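A.B. asks: got a structure for you, letters missing:
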């Protein structure tokens, strides 16, 4: 059977009404009572056309000011957490960097083979940079000679 309330097409459960209308009758004393539209949010803001919106998930009217405040709180909480993580990582990285530099200096001062390898690597890097600089200067000179 179909619910006896006009416009409702749900199946009947008790007293000739569907579950929704039966519980409305049980709670409020009439199956026709519908919750009134709210004019204010719980924080006292007026919910009007300029400050209200209908949330798609449940179709209820919500307050824009409260929504903005909640979004701001969520953003700040996340942003603070990111800043704390960044500060912690920086502290850990700087401590790691200092320990690594100290290890290199210790090896450089105590291990003659390490010192030789370190100097050779530095010389190789210097030769590569010098060769690139000389090639760049030669190309610029050729372009300058060709332009004139």
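C.D. replies: Received it, and whenever you're ready, just let me know what you need. Just so we're clear, the structure is a prediction, and the values are computed from it rather than from any experiment.
A.B. asks: For residue 84, see how far away the residue nearest to residue 12 when sequence neighbours are not counted is.
C.D. replies: Spatial nearest neighbour of residue 12, chain neighbours left out: residue 1 (4.5 Å); criterion: CB to CB, 6 or more residues apart in numbering. (Glycine included, C-beta is placed from N, CA and C.) Relative to residue 84, residue 1 is positioned 62 Å away (CB to CB, to the nearest Å).
A.B. asks: Break the protein down into its structural domains.
C.D. replies: Split into domains by automatic domain parsing, the chain comes to 1-35, 111-148.
A.B. asks: tell me the most buried of these?
C.D. replies: With neighbours defined as mean count of other CB atoms under 10 Å, the domains of the chain peak in mean count at domain 1-35, which reaches a mean of 13.
A.B. asks: quick one, what contacts the residue nearest to residue 12?
C.D. replies: By CB atoms under 8 Å, 6 or more residues apart in numbering, the contact set of residue 1 is 11-12, 16.
A.B. asks: Residue 53 - that's part of a helix, no?
C.D. replies: No. Assignment of residue 53 by DSSP: H, G, I helix; E, B strand; the rest coil gives strand, placing it outside any helix.
A.B. asks: From residue 26, how far off is it?
C.D. replies: With CB to CB as the criterion, residue 53 and residue 26 are 32 Å apart.
A.B. asks: next one: residue 64
C.D. replies: Distance from residue 64 to residue 26, by CB to CB: 35 Å.
A.B. asks: do residue 120 as well
C.D. replies: From residue 120 to residue 26 the distance is 91 Å (CB to CB).
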